[in-house]
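J.: Sequence and predicted structure, then a few things I'm wondering about:
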Amino acid sequence: MVECPICGKSVKSASINEHIDSNCQLHVVDVDADRAKSSGNVPSFFNTAASRRTGPSVTKEPGIQNGLSSSSDEVRHSSQGSNGVKRPLEAESPDINAASNGIERPVKRPKTNPLLKNAPLAERMRPTALDDVCGQELVGSNGLIRGLIEEQRIPSMVLWGGPGTGKTTIARLIAQSARYRFIEVNSTSTGVQECKKFFAEARSELALTGRPTIIFCDELHRFNKAQQDVFLGPVEAGQITLIGATTENPSFKVNNALLSRCRVFTLAKLTDNNIVTILQRALSLEYEIRPTLLDDEFLLYLAAFSDGDARTALNLLELAMDLVKRPEITTDAIKKALTRTLVYDRNGDMVNLNARAQMDLS
């Protein structure tokens, strides 16, 4: 079956010359009738239930998309003229028609990650860049760790600081900024055999692609002596870069052999102003209009409550954000609810946080 170059009608290839000689009158094939005839000759036994209900199906021509159906002659005449010159189709899809008619289609909203949505506020507010880290000069514009990252010389190190000072955040941002491969292990759930598996993977990655690997060990002081000795060989050979985080003095809790192969960086305790800055950033990201009850004085109260722990401050703020939604709630009622949270002092008895906050503010 071919198309006549003069009239564009369908003609059998053996009869094309006679068709042209007859001024395009003879040997014209009706494609639609031929298709209907061929589809009608198929026994109903071989048709599916859907095709028996809807009747004979129409085969779409190549190039027809988005569910548009038309006969081959209509498609042919809409795409080219009688002289064979192709013309653009007026509309190829319903979306083009909608756009030409000025109809606005609803914009699809991006899917929210359920893990991030259900994460605590402290996890959602974790900084994603070194410039967002508050209160630590080591990663500041002139900080020592910032300079090591810029020079692509990341040594094995131990980050020593109190809870909520940003040890885990800094370790992740070091790997992200230096484009290192990052593996995070925890002393409570990772054993020696699993660590050896990570060492083999890091060695293979370094040999094949030249990309170093950072292994971040949270709560390094919880590893016993035998577990800490596993890191000695890979760290000394440069197969991995170890970043350990500890809240205890490394001189007493980390093996001397491992400590001599690492550099110790002490993270500063966050001040009340640092905590207030972190809380203000969280409020600006969580609320378009900041609640009047959560003013700067209340944030300073939470900063004194947290005692330099940004995670504790954000957890308290999240609790206050839930309480402020209650009708007829007051600032004193929120503070009274927060005083039910107690902290245990390692060097003394249990201390009421409300008393500590009042003492710091006075």
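T.: That came through fine. Numbering: from 1, shown residues only.

J.: Which residues belonging to stretch 221-234 are considered buried?
T.: 221, 223, 227-228, 230-231, 234 (16 or more other C-beta atoms under 10 Å). Backbone N, C-alpha and C define where each C-beta goes, glycine included.

J.: Closest one of the residues you listed to Lys9?
T.: Pro234 (77.7 Å; C-beta to C-beta).

J.: helix, strand or coil for the closest one?
T.: Following DSSP: H, G, I helix; E, B strand; the rest coil, Pro234 is assigned to helix.

J.: Isn't it up against Ala200?
T.: No - in this structure Pro234 lies outside contact range of Ala200 using C-beta atoms under 8 Å: 9.5 Å.

J.: Can you show me the helices along the stretch 151-300 of the chain?
T.: 167-178, 192-209, 225-229, 232-237, 250-253, 256-259, 272-286, 296-306 (DSSP state H, counting those that start in this stretch).

J.: Mean pLDDT and distance to Thr330 added to these, as JSON lines?
T.: Below are the helices of the stretch 151-300 of the chain laid out as JSON lines (pLDDT from 0 to 100; distance: least, C-beta to C-beta, whole Å):
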{"stretch": "helix 167-178", "mean pLDDT": "94", "distance to Thr330": "34"}
{"stretch": "helix 192-209", "mean pLDDT": "93", "distance to Thr330": "51"}
{"stretch": "helix 225-229", "mean pLDDT": "89", "distance to Thr330": "51"}
{"stretch": "helix 232-237", "mean pLDDT": "94", "distance to Thr330": "55"}
{"stretch": "helix 250-253", "mean pLDDT": "91", "distance to Thr330": "45"}
{"stretch": "helix 256-259", "mean pLDDT": "93", "distance to Thr330": "52"}
{"stretch": "helix 272-286", "mean pLDDT": "92", "distance to Thr330": "19"}
{"stretch": "helix 296-306", "mean pLDDT": "90", "distance to Thr330": "11"}
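
J.: do you know which of these lies nearest Leu130?
T.: helix 167-178 (5.3 Å).

J.: okay, and for the protein, where does confidence drop off?
T.: Confidence mapping of the chain against pLDDT under 70 gives the ranges 31-117, 340-362.

J.: let's see it at 90
T.: Judged by pLDDT under 90, the chain has its weakly predicted residues at 1-122, 140-142, 152, 186-192, 219, 223-227, 285-296, 304-307, 321-362.

J.: Domain boundaries for it, per the record?
T.: In terms of domains, the chain is parsed into 2-100, 122-266, 272-361 (source: automatic domain parsing).

J.: so how many other residues sit close to Glu194?
T.: Using other C-beta atoms under 10 Å, Glu194 is surrounded by 11 other residues.

J.: Would you mind measuring from it to Val276?
T.: Glu194 sits 41 Å away from Val276, going by C-beta to C-beta, to the nearest Å.

J.: ditto for Val324
T.: Taking C-beta to C-beta as the measure, Val324 falls 17 Å from Val276.

J.: what residues are up against the residue lying closest to Lys196 once chain neighbours are set aside?
T.: Spatial nearest neighbour of Lys196, chain neighbours left out: Val230 (6.8 Å); criterion: C-beta to C-beta, 6 or more residues apart in numbering. The contact partners of Val230, by C-beta atoms under 8 Å, 6 or more residues apart in numbering, come to 192, 195-196.

J.: got the buried residues for stretch 10-30?
T.: 10-11, 19-20, 27-28.

J.: ok, now which ones touch Leu232?
T.: Contact analysis of Leu232 by C-beta under 8 Å, 6+ apart lists 257-258, 261.

J.: Quick one: which of the residues you listed is the most crowded by neighbours?
T.: Leu258 (23 neighbours).

J.: how much space between that residue and Tyr301?
T.: From Leu258 to Tyr301 the distance is 42 Å (C-beta to C-beta).

J.: Ok, Asn23 next?
T.: Counting by C-beta to C-beta, the gap from Asn23 to Tyr301 is 97 Å.

J.: Also Asn224?
T.: Taking C-beta to C-beta, one finds Asn224 at 41 Å from Tyr301.

J.: What count of nearby residues applies to Phe305?
T.: Neighbours of Phe305 (other C-beta under 10 Å): 24.

J.: isn't it right up against Leu338?
T.: Yes - applying C-beta under 8 Å, one finds Phe305 in contact with Leu338, separated by 6.8 Å.

J.: still on that earlier bit, out of the contacts of Val230, which is nearest to Ala171?
T.: Ala171 lies nearest to Cys195 out of the contacts of Val230, by C-beta to C-beta, at 16.5 Å.

J.: what about the nearest residue to that closest one once chain neighbours are set aside, distance to Arg181?
T.: Nearest residue to Cys195 in three dimensions, chain neighbours excluded: Val230, at 5.4 Å (C-beta to C-beta, 6+ apart). Here the criterion is C-beta to C-beta. By it, Val230 lies 19 Å from Arg181.

J.: again, but for Phe231
T.: 16 Å.

J.: Likewise for Leu267?
T.: 24 Å.

J.: What backbone torsions are found at Ala122?
T.: phi -60, psi -30 (degrees, to the nearest 10).

J.: from what I can see it touches Asp309, true?
T.: No - at 9.7 Å, Ala122 does not count as touching Asp309 under the criterion of C-beta under 8 Å.
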